[in-house]
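Visitor: After the sequence you'll find the predicted model.
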Amino acid sequence: MKQRLEKLRDYLLHDLIERDTAVRLALLSTLAGEHLLLIGEPGTAKSILARRLHLVFQEGDYFERLLTRFTVPEELFGPLSIRALEKDRYERLTQGYLPSANIAFIDEIFKANSAILNALLTILNEREFDNGDQRIKLPLIAVIGASNELPDNPELDALYDRFLCRYKVAPVSAKAFPQLLTLSDSKQQPVPENERLDMQTIRQIQQQAQRVTLPEDVILLLQSLRLYLQQQSLYVSDRRWRKIIKLMQVSAVTNDRDSVSIWDCWLLQHCLWDEPQHRRLIADWYQSHMGIGSGFNHERLEKLVHTWEITLQSESSSTTQSKDAAGELLYEDADGHPTTLKESSEAAARDGEPLYLAPPDEDDRSNNGSGYTREELLESFFDDIYQQCHINGQWKHINAYTNKAANRLAHHHQNRPIMEASRHAETFISGRTRETQAIFEDINILKGKLQQQQLSLEQTIAEHLWIPAGFSEKAAQSLKQSVNAAAGLAARMELVIAGYSELPRE
């Protein structure tokens, strides 16, 4: 099947310059039963692509119409049946019109007026058409819609949402312009009958796609992308996410795989934008996150490594109070000597003279911290003749007063705790080393997977039916950046491991 689809893809690409992505999206979305919207100026091969797409099918009609503001329902859905009207039935003759087609091209689709819109929405979404009093099933496989501009009327939002794949078609570049000028006008050979697709084949592809699994790395990437889009205020409906999964499953099964790969997620950039500039935003995000396919989530690992760096810094800079040989806590006194006392005091003096406290009946015995010399005591509190003072009901001589240590002014000093680096138990250090070593090894394993991706990248992209060949260069650059990032994270974790091995031990 893959080789057959490859031939059909190449047939569609014949002589269409710089339309590689549009062709791949058209064929893939058709196989998935989804519709494609092409945005671009007239004359950019949009209708040619649709006509060729019809030619790869064995059966069914092709319908094409250019809409204007004045297009009437009869132009899309067929004229009213005169015979039915004569029998009071409101029915259309649909043969040769949109309800009878399997592939349709509707140009300037956003010019659809309200008389057309509701029926068109039902056809696109449900493949059904209300003809008279009956709702009939349609053979429609896919519609390619085209427009010069995006819809600017909220009434058209539902129609816009019906197109899962969207692609902006640009005129041929200056580089390819000479090739355009020299194109041959010779008629393209038709697709051999046995190579064409039929409805049974499409149904088989879609049934097989339902059995394609969605691996954890793809789910992780989609979760990360959804969060990123929310941060960018870009809304994507749950229905669109489900349709995207179906598209990627078809991509996988047509590439002979039974699970979606990270490379199928290349399609996301063409399914999630509402404004063309958003496609570039999504494409850049995808290219920078392709390493998730190997389990490498740079943001998550960056946070993890940084957390360990902060943890090591905290644990290596932690301190505890020193102890002496007897296990007593040590402090530093005013002279810088170690002591076990939390507080020390020393007798106060002024100019070499000892200082004293005033007698106990004074409110401020310390004289506001300045104390009293012996002469100041005599002058202020003791009589001149007997040098005595009445204290607690007794006469005290100044000599007896000054000889008593309790009457000396003392300066008290809060001794500073002597701190040292915390010592850690051997079990604590070995536990931390095991944890950080495991992360280091995981990062190196992821780096190895990224390097394996690098080696197989070119062949993987070349063999993928739906990814243009030019993407491999961008993917290679992104994977190289991821490998370098993984190496940087591993080096940082190595420093963390070394830091824990150097912690003081008990």
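Guide: Happy to help now that I have it. Numbering: from 1, shown residues only.
Visitor: any idea how this protein splits into domains?
Guide: Structural domains assigned to the chain are 2-198, 216-288, 301-318+423-501, 331-419, following automatic domain parsing.
Visitor: Quick one: end-to-end length of the first one, please.
Guide: Terminal residues of domain 2-198 lie 15 Å apart, using CA to CA, to the nearest Å.
Visitor: The last one too?
Guide: As for domain 331-419, its first-to-last residue distance stands at 9 Å under the measure CA to CA.
Visitor: what's the average pLDDT for that domain?
Guide: On average, the pLDDT along domain 331-419 is 91.
Visitor: What of the second one?
Guide: Domain 216-288 comes out with an average pLDDT of 93.
Visitor: can you check the longest one too?
Guide: What domain 2-198 shows for mean pLDDT is 90.
Visitor: Can you give the distance of that domain from its chain's centre?
Guide: 35 Å (CA atoms, centre = their mean, to the nearest Å).
Visitor: swap in stretch 330-345?
Guide: Between the centre of stretch 330-345 and the centre of its chain there are 57 Å (CA atoms, centre = their mean).
Visitor: now do the same end-to-end measure for that stretch.
Guide: Criterion CA to CA; first-to-last residue distance in stretch 330-345 is 17 Å.
Visitor: Buried residues of it, list them for me.
Guide: With burial defined by 16 or more other CB atoms under 10 Å, the residues of stretch 330-345 counted as buried are 330-332, 339, 344. Bear in mind the C-beta positions are built from the backbone N, C-alpha and C, glycine included.
Visitor: and the one helix or strand L27 maps to, what does it pack onto?
Guide: With elements taken from DSSP states H and E, the one containing L27 is helix 20-31. Helix 20-31 is packed against helix 2-13, strand 36-40, helix 46-55, strand 142-147, strand 165-169, helix 199-209, helix 238-254, with contacts defined by 3 or more CB pairs under 8 Å, 6 or more residues apart in numbering; DSSP states H and E.
Visitor: export the ones you listed to TSV and tack on mean neighbour count and distance to H278?
Guide: As requested, these are exported to TSV (neighbours: other CB atoms under 10 Å; distance: least, CB to CB, whole Å):
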stretch	mean neighbour count	distance to H278
helix 2-13	16	27
strand 36-40	23	13
helix 46-55	20	21
strand 142-147	25	17
strand 165-169	21	10
helix 199-209	15	27
helix 238-254	20	13
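Visitor: Select, out of those, the one closest to S456.
Guide: Closest approach to S456 among the helices and strands packed on helix 20-31 (CB to CB): helix 238-254, 16.8 Å.
Visitor: Now that closest one - C-alpha only, CSV.
Guide: What follows is helix 238-254, C-alpha atoms only, in CSV (Å, rounded to 0.1, in the frame of the first residue of the first chain):
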residue,chain,number,x,y,z
ASP,A,238,-11.5,18.9,21.9
ARG,A,239,-13.1,17.8,18.7
ARG,A,240,-10.2,19.1,16.6
TRP,A,241,-7.7,17.3,18.9
ARG,A,242,-9.6,14.0,18.3
LYS,A,243,-9.6,14.6,14.5
ILE,A,244,-5.8,15.3,14.6
ILE,A,245,-5.2,11.9,16.3
LYS,A,246,-7.2,10.2,13.5
LEU,A,247,-5.1,12.0,10.9
MET,A,248,-1.9,10.9,12.5
GLN,A,249,-3.1,7.4,12.9
VAL,A,250,-3.8,7.3,9.1
SER,A,251,-0.3,8.8,8.6
ALA,A,252,1.2,6.0,10.6
VAL,A,253,-0.8,3.1,9.0
THR,A,254,0.0,4.4,5.5
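Visitor: ok now stretch 388-403, how far from the chain's centre?
Guide: For stretch 388-403, the distance to the chain centre is 85 Å (CA atoms, centre = their mean).
Visitor: Stretch 463-475 now?
Guide: Distance of stretch 463-475 from the chain centroid (CA atoms, centre = their mean) equals 23 Å.
Visitor: Check what contacts that stretch and list those residues.
Guide: Here stretch 463-475 makes contact (CB atoms under 8 Å, 6 or more residues apart in numbering) with 2, 5-6, 9, 20-21, 24-25, 28, 251, 254-255, 263-264, 266-267, 287, 290, 457-458, 461-462.
Visitor: residue contacts, L225?
Guide: Counting by CB under 8 Å, 6+ apart, L225 touches 268, 272, 282, 285-286, 289.
Visitor: one more time with 6 Å, if that's ok
Guide: Residues near L225 by CB atoms under 6 Å, 6 or more residues apart in numbering: none.
Visitor: same deal with the one 3 residues further on?
Guide: For Y228, the set of contacting residues under the criterion of CB under 6 Å, 6+ apart consists of W285.
Visitor: change it to 10 Å
Guide: Going by CB atoms under 10 Å, 6 or more residues apart in numbering, Y228 touches 234, 281-282, 285-286, 289, 299.
Visitor: State the distance from the residue lying closest to L12 once chain neighbours are set aside to H413.
Guide: Distances taken as CB to CB, 6 or more residues apart in numbering place V23 nearest to L12, at 4.6 Å, with adjacent residues excluded. To H413, V23 is 88 Å away according to CB to CB, to the nearest Å.
Visitor: between the two, which one's more packed in?
Guide: For V23 versus H413, neighbours defined as other CB atoms under 10 Å are more numerous around V23 (24 against 15).
Visitor: right, and the more buried one touches R9 too?
Guide: Yes. In this structure, V23 is within contact of R9 by CB atoms under 10 Å, at 6.5 Å.
Visitor: what's near enough to touch the closest residue to A209 other than its chain neighbours?
Guide: Nearest residue to A209, sequence neighbours excluded (CB to CB, 6+ apart): Q249, at 4.0 Å. For Q249, the contact set (CB under 10 Å, 6+ apart) comprises 32, 205-206, 208-214, 257-260, 264.
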